[in-house]
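> predicted model follows, preceded by the sequence.
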Amino acid sequence: MKLHTCLFAAALALAGTAQAADPHEHAHAHTPLHGGVVVEVKDIDFELVAKAGAIQLHLRDHGKAMDVSKASAKLTLLTGAEKQEVELKPAGDKLEATGAFKLGTGSKAVAVVNLPGKPAAIARFALK
């Protein structure tokens, strides 16, 4: 019985080591830098910022701003039963759309982001 206990303890120790070596661990935090909501998809942080008259999407790769000059995104906004589709275009260091948007607490957004040379990334947001 003691041998089984030792083997079990060794297996648990190895499992803990494997967990600590998870390649998902990063040296950066997934905190908003622009006052928005951040989600991570495929090692890229997507920060959605909804302001009066503008929606912005900031992209960071391991904490560094990404070049979005050739990127595009389609954003679907869901607020209650209302649905709105928005095209985001490069605007400096972010993707952006301006206009009137139906947003509120509890709104949800789904962004399909196209970056050159990469498969499309889908980021889902819940606005606060």
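Sure thing, it's come through. Numbers count the residues shown, from 1 in each chain.

> average pLDDT across the longest strand anywhere in the chain?
Assignment by DSSP state E gives strand 82-91 as the longest strand of the chain. The average pLDDT for strand 82-91 rounds to 96.

> same question, stretch 119-128
Here the average pLDDT along stretch 119-128 is 92.

> buried sites along it?
For stretch 119-128, a neighbour-count test (16 or more other CB atoms under 10 Å) marks 121, 123, 125, 127 as buried. All C-beta atoms are positioned from the backbone trio N, CA, C, and that covers glycine.

> residue 93 reaches residue 68, doesn't it?
Yes: at 6.8 Å, residue 93 counts as touching residue 68 under the criterion of CB atoms under 8 Å.

> higher neighbour count, the two?
residue 68 (23 against 13; other CB atoms under 10 Å).

> model confidence for that one, exactly?
97.

> residue 5 too?
Predicted confidence (pLDDT) for residue 5: 35.

> who's residue 72 bridged to?
Judged by DSSP bridges, the bridge partners of residue 72 are residue 114.

> pretty sure it sits against residue 116.
No: using CB under 8 Å, residue 72 makes no contact with residue 116, being 9.8 Å away.

> neighbour-wise, which of those two wins?
residue 72 (16 against 10).

> how far away is the more buried one from residue 95?
7 Å (CB to CB, to the nearest Å).
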